[in-house]
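Peer 1: Build me a model:
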Amino acid sequence: MPDFCATGGQLENIEFEIVNADGDVDMKIHNDDQECQFHMLTIKSGLSNADESIRYTFKHGRCTVPSIRVPEIEGTLCFEASHSQYTELCLTRKVIFSFYLQQSFGSYEL
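Peer 2: Just a heads-up that it's a prediction; the model follows:
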């Protein structure tokens, strides 16, 4: 995830991983509806209602967010990504959106 990105585009294929104490991806973190093992990534941002969030499933410790739309206006966006049940597993990021980057470098893709 970049610290800066161009306005009006989208970030694509953003990957999140949960690692264990040894630094390896924790393969046990796997969403399985049949076994009632619910492992979801929850994303909350300043772009939506505070009560709304987007959820994606973890598969063997990994979760890929297909795309996040970048606002058309310049500014800063803070968002929080966390595990749906184990909220201590969280990450907060701040991304600055700039029209200048769009003019200088074209669209940005991860």
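Peer 1: Only C-alpha atoms from now on, for both contacts and neighbour counts.
Peer 2: Fine.
Peer 1: And the strands in this protein, which stretches?
Peer 2: Remark: strands assigned in the chain by DSSP state E are 4-6, 10-17, 40-45, 54-57, 62-69, 75-83, 90-98.
Peer 1: Average pLDDT for the last one, rounded please.
Peer 2: Per-region confidence: strand 90-98 scores 84 on mean pLDDT.
Peer 1: What lies in contact with that strand?
Peer 2: The list of residues contacting strand 90-98 from outside it, by C-alpha atoms under 8 Å, 6 or more residues apart in numbering, reads 2-7, 70-71, 73-83.
Peer 1: List the buried residues in that strand.
Peer 2: Along strand 90-98, these residues count as buried under the neighbour rule (16 or more other C-alpha atoms under 10 Å): 95-98.
Peer 1: ok, now stretch 75-95?
Peer 2: Here stretch 75-95 shows 81-84, 95 as buried, counting by 16+ other C-alpha under 10 Å.
Peer 1: just stretch 2-20 next, same as before
Peer 2: 5-12, 16-18.
Peer 1: what about that stretch, how long is it end to end?
Peer 2: The straight-line separation of the ends of stretch 2-20 (C-alpha to C-alpha, to the nearest Å) is 24 Å.
Peer 1: about what we covered before: ok, of the strands of the chain, where does mean pLDDT dip lowest?
Peer 2: Looking across those, the weakest by mean pLDDT turns out to be strand 4-6, at a mean of 77.
Peer 1: by contact count, what packs against it?
Peer 2: Taking 3 or more C-alpha pairs under 8 Å, 6 or more residues apart in numbering; DSSP states H and E as the contact definition, the neighbouring helices and strands of strand 4-6 are strand 90-98, helix 99-105.
Peer 1: how close does His39 sit to Glu80?
Peer 2: Distance of His39 to Glu80, given as C-alpha to C-alpha: 16 Å.
Peer 1: try Thr92
Peer 2: In this structure, Thr92 and Glu80 are separated by 4 Å, where distance is defined by C-alpha to C-alpha.
Peer 1: ditto for Asn31
Peer 2: Using C-alpha to C-alpha, Asn31 is found at 20 Å from Glu80.
Peer 1: picking up where we left off before, now render the strands of the chain as JSON lines, adding distance to Gly23.
Peer 2: As requested, the strands of the chain are exported to JSON lines (distance: least, C-alpha to C-alpha, whole Å):
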{"stretch": "strand 4-6", "distance to Gly23": "27"}
{"stretch": "strand 10-17", "distance to Gly23": "11"}
{"stretch": "strand 40-45", "distance to Gly23": "19"}
{"stretch": "strand 54-57", "distance to Gly23": "21"}
{"stretch": "strand 62-69", "distance to Gly23": "14"}
{"stretch": "strand 75-83", "distance to Gly23": "18"}
{"stretch": "strand 90-98", "distance to Gly23": "16"}
